[in-house]
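Asker: Return atomic coordinates for the entry below.
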Amino acid sequence: MITNLSQRILRARGFLAKLWTLTKPYWFAKDRVDISILGRSFGVRESWIARSLLLLILALNVGGVYLSKLYNLWNGRFFDAIQNKNEPVFWHELKYWAVIATISIVMSVYSIWIQNFLTIRWRRWLTAVYFDSWLSDKSYYKLELNNSGTDNPEQRIQEDCDLFTETTLTLFLSFISQIFTLITFSIILWNLSAGITIPVWGGIRIPGFMMWVAIVYAGLGTWLTFKIGRPLVRINFDLQRFGADFRYRMTRIRDNAESVALYRGEQDERSGLRSSFSRIYDTFWLSMMYTKRLSWVTQLYASLASVFPFIVASPGYFAGQIQLGSLTRTADAFGTVQGSLSWFIAAYGKLAEWAAVIDRLTSFSDAMARTKVNDAARNGFEREEGSLDEIRLDGVDVNLPNGAPLITGTSMTLRRGEGVVLTGPSGSGKTTLFRTLAGLWPFGKGRVTLPTTGRVLFLPQKPYLPVGTLQHVLCYPDSPLDHTEADCRAALEATDLGHLAPRLAEADNWPMALSQGEQQRIGFARALLYRPDWVFLDEATSALDEKTEERMYRTLRERLPQAGVVSIAHKPSVVGFHERHIDLSPSTHRIRAIDEEAPGAAE
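Answerer: Residues are numbered from 1 along each chain as shown. Down below sits the predicted model:
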């Protein structure tokens with residue numbers, strides 16, 4: 001029993017630590033934002049704005065509790081007037097009710113509006129924190145490379161950040177409101193209970209009797225709710241995860257629609273989608289089972305709560321100890337106190353979903369932090385800052401994640417302004433060597449000296465085409481504002497894409513709209529706009545015919561004569577566009593220079 005209790009305490013402390021980790025940064029953030037008041041602009045901390053809005057919402061909620069107290073007092077006077085058939089008081093109390101109702105409506109509307117405003121500000125800030133962390137230090141790449149087990153980061157950033165901010169504020173504000181409500185109406189219920197005598201053992205009077213009944217009633221309901229509904233936390237976590245996996249599968253089909261269509265892979269994709277959705281279906285059935293059990297308790301609890309106070313207080317009314325107004329006030333106060341004490345029961349479904357969201361966000365944060373720590377711990381490369389004019393590898397070994405060697409004992413110098421082509425069979429480590437030069441590959445050792453200044457551009461076999469206009473696609477990774485439309489048109493003309501110039505301002509699904517050859521030429525056009533000091537091409541002309549390939553390389557070398565050009569290629573035709581040829585041998589895991597004046601420079 002003690003061990004079980006200790007485990008629960010540790011779990012609770014762990015949950016609160018996760019919650020504090022997610023919540024604290026925003027409310028103590030030092031980010032400054034500009035706000036305009038009466039035409040004047042002020043720089044204010046985001047955390048100050050957030051705290052001010054939160055205090056305003058709390059003030060409105062406390063005001064709402066006070067109005068509820070006034071409504072309870074009105075309830076007694078109104079029903080006493082009905083019992084006593086006092087028409088003037090009846091109409092007077094209706095006018096009083098109209099005033100309270102109007103004020104209550106105005107306060108509720110503005111409370112909801114301000115809460116939504118605070119929610120979207122917090123969500124904007126938290127979302128920016130997560131995608132900044134995801135994009136920094138190439139975490140998005142390393143999470144996939146290291147098989148971190150963190151599924152669907154896009155869903156966690158988009159959906160979970162939204163759910164966390166909205167649910168946290170809603171639960172916190174409702175909890176605080178219920179505390180004020182409980183204190184206020186406990187006093188009212190205690191005082192109203194003074195006139196009630198229990199008709200047993202000749203009639204006994206228990207101070208605050210109705211208050212004690214409400215506590216016992218709510219405590220029993222809370223205990224039953226927790227016992228029955230506890231598994232829903234894990235079930236909701238799984239539902240979110242399986243739903244995200246299902247969406248990801250469909251996104252993969254959409255992004256690779258042409259390949260799926262050419263392979264006629266619809267049947268396999270259909271089977272995969274059915275299998276993925278079956279996990280949602282099975283988990284939802286499990287959720288339904290526990291929700292049904294929970295609903296038996298909550299529905300019975302709520303139904304009894306509507307009549308229970310009348311049953312308990314009615315003997316005093318029928319004995320003439322209290323009037324109808326006092327009876328209705330007692331029932332209203334009992335219902336309010338019981339509702340406040342039953343906050344956990346009413347919010348349990350949201351609490352279960354909230355706990356799952358917190359687990360997903362904190363596990364995502366932990367995975368990104370762990371990736372950075374692990375990357376630093378196992379990265380055996382000594383990365384040094386060098387001049388713009390050369391890249392050096394000294395005694396570099398490149399390994400697979402399991403430690404198996406790909407390339408060993410590599411030393412070479414690449415000079416800006418010359419062309420170097422790397423050849424070798426598939427699996428010899430050419431692309432991995434590129435990743436090492438880019439700082440993406442952590443598995444290996446040796447000294448890598450890279451320029452600290454200048455611009456570097458990598459052109460892969462399948463260029464990345466971002467969402468946006470063609471000009472945006474063409475200028476990437478620069479901003480479209482960095483290049484004029486005339487420059488973009490000239491780059492298209494130089495790469496045999498002049499027919500696309502009229503579509504520069506057009507947004508389209510460019511991976512589908514452009515052929516593979518056009519996409520590769522977009523990569524060359526980018527290089528002409530970006531004007532890098534170093535260009536690395538990984539099978540960047542695999543979809544081009546030899547004449548087009550020759551034009552692309554000639555244009556690249558003529559337009560960027562000072563740039564270092566390093567290519568990976570399988571096609572023999574590419575070799576002739578470079579001054580140096582280096583071959584990677586899979587048998588010895590070493591590289592060798594071919595047709596080079598100083599072979600030792602590459603070994």
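
Asker: would you list every one of the helices in the stretch 51-200 of the chain?
Answerer: Secondary structure of the stretch 51-200 of the chain (DSSP state H, counting those that start in this stretch): helices at 87-135, 139-145, 153-155, 161-193.

Asker: Which helix or strand in this protein has the lowest average pLDDT?
Answerer: Ranked by mean pLDDT, DSSP states H and E, the weakest helix or strand in the chain is strand 590-594, scoring a mean of 56.

Asker: if we can go back for a sec, which among the helices of the stretch 51-200 of the chain is found nearest to D394?
Answerer: Nearest to D394 among the helices of the stretch 51-200 of the chain is helix 139-145; the distance by C-beta to C-beta comes to 24.5 Å. Any C-beta I mention is one placed from the backbone N, CA and C, and that applies to glycine too.

Asker: care to break this structure down by domain?
Answerer: What the TED database lists as the domains of the chain is 1-195+322-378, 201-320, 382-594.

Asker: what's the least confident stretch among those domains?
Answerer: Mean pLDDT values for the domains of the chain show the minimum at domain 201-320, a mean of 80.

Asker: May I ask you to confirm that E384 belongs to a strand?
Answerer: Yes - counting by DSSP: H, G, I helix; E, B strand; the rest coil, E384 is found in a strand.

Asker: tell me the contacts of the closest residue in space to it that isn't next to it in sequence?
Answerer: Distances taken as C-beta to C-beta, 6 or more residues apart in numbering put T449 closest to E384, at 4.6 Å, once the chain neighbours are dropped. T449 makes contact with 383-386, 390-394, according to C-beta atoms under 8 Å, 6 or more residues apart in numbering.

Asker: Doesn't T449 belong to a strand?
Answerer: Yes - checked against three-state DSSP, T449 lies within a strand.

Asker: Is it bridged to anything, and to what?
Answerer: As for beta bridges, T449 partners with E384, R392 under DSSP bridges.

Asker: Without its sequence neighbours, what residue ends up closest to L497?
Answerer: R521 (5.4 Å).

Asker: That neighbour: what's it in contact with?
Answerer: 495-497, 544, 548, 552.

Asker: Just the buried ones among these, please.
Answerer: Among those, those classed as buried by 16 or more other C-beta atoms under 10 Å are 495-497, 544, 548, 552.

Asker: what two of these are the furthest from one another?
Answerer: L497 and L544 (12.2 Å).

Asker: The stretch 251-400 of the chain: strands as residue ranges?
Answerer: Taking DSSP state E, counting those that start in this stretch to define them, one finds strands in the stretch 251-400 of the chain at 380-386, 390-399.

Asker: now, of those, which is deepest in the fold?
Answerer: strand 390-399 (a mean of 19; mean count of other C-beta atoms under 10 Å).

Asker: excluding its backbone neighbours, what's nearest the residue nearest the centre of the chain?
Answerer: By C-alpha atoms, centre = their mean, the mean C-alpha position of the chain lies nearest to I157, the distance being 1.4 Å. Leaving aside its sequence neighbours, I157 sits nearest to Y130 (C-beta to C-beta, 6+ apart; 4.8 Å).

Asker: any idea how far that neighbour is from R40?
Answerer: Per C-beta to C-beta, to the nearest Å, Y130 is found 33 Å from R40.

Asker: So for these two, which sits in the more crowded spot?
Answerer: Y130 (20 against 7; other C-beta atoms under 10 Å).

Asker: and the gap between the more buried one and Q240?
Answerer: 16 Å.

Asker: and if you look at T410?
Answerer: Shown here: T410 relative to Q240, a distance of 46 Å by C-beta to C-beta.

Asker: Which strand or helix spans the residue nearest to L497?
Answerer: helix 516-530 (DSSP states H and E).

Asker: which residues sit against the helix or strand just after that helix?
Answerer: For helix 516-530, the following helix or strand on the C-terminal side (DSSP H and E) is strand 534-538. With contact meaning C-beta under 8 Å, 6+ apart, strand 534-538 is reached by 391, 416, 430-431, 434, 437-438, 451, 454-461, 527, 556, 560, 563-568.

Asker: Strand partners (parallel or antiparallel) of strand 534-538?
Answerer: Short version: by DSSP bridges, strand 534-538 pairs with strand 456-459 (parallel), strand 564-568 (parallel).

Asker: how about the following helix or strand past that strand: buried residues?
Answerer: Sequence order places helix 546-559 as the next helix or strand after strand 534-538, per DSSP H and E. Buried positions in helix 546-559, judged by neighbour count with 16+ other C-beta under 10 Å: 548-553, 555-557.

Asker: Confirm that G43 sits in a strand.
Answerer: Yes - when three-state DSSP is applied, G43 is found to be in a strand.

Asker: and the spatially closest residue to it that is not a sequence neighbour, how many neighbours does it have?
Answerer: Leaving aside its sequence neighbours, G43 sits nearest to R32 (C-beta to C-beta, 6+ apart; 4.7 Å). By other C-beta under 10 Å, 12 other residues sit near R32.

Asker: Tell me how far R32 lies from T119.
Answerer: 21 Å.

Asker: thinking again about what came up before, compute the inter-axis angle for the helix holding R521 and strand 534-538.
Answerer: Here helix 516-530 runs at an angle of 170 degrees relative to strand 534-538 (axes from the mean of the first three to the mean of the last three C-alpha atoms, to 10 degrees).

Asker: Return the angle between stretch directions for the longest helix seen in the chain and helix 161-193.
Answerer: Secondary structure of the chain per DSSP state H: the longest helix is helix 266-318. If you take the same axes, to 10 degrees, helix 266-318 sits at 10 degrees to helix 161-193.

Asker: Which residues lie in contact with I100 in this structure?
Answerer: By C-beta under 8 Å, 6+ apart, I100 lies in contact with 67, 70-71, 74.

Asker: Neighbours of the closest residue to A333 other than its chain neighbours, how many?
Answerer: Among residues not flanking A333 along the chain, L189 sits closest, at 4.1 Å (C-beta to C-beta, 6+ apart). Using other C-beta under 10 Å, L189 is surrounded by 28 other residues.

Asker: So which of the contacts of I100 is the closest to M210?
Answerer: Nearest to M210 among the contacts of I100, with distances taken as C-beta to C-beta, is Y71, at 18.3 Å.

Asker: ok, how many other residues are close to that closest one?
Answerer: Y71 has 18 nearby residues by other C-beta under 10 Å.

Asker: Look up how far K350 lies from it.
Answerer: For Y71, the distance to K350 - C-beta to C-beta - is 26 Å.

Asker: Test of understanding: give the bridge partners of D538.
Answerer: On the basis of DSSP bridges, D538 is bridged to I568.

Asker: Pull up the gap between the closest residue to S193 other than its chain neighbours and I188, please.
Answerer: Counting by C-beta to C-beta, 6+ apart, S193 lies nearest to M210, which is 4.1 Å off, once chain neighbours are set aside. Noted for M210: a distance of 10 Å to I188, by C-beta to C-beta.
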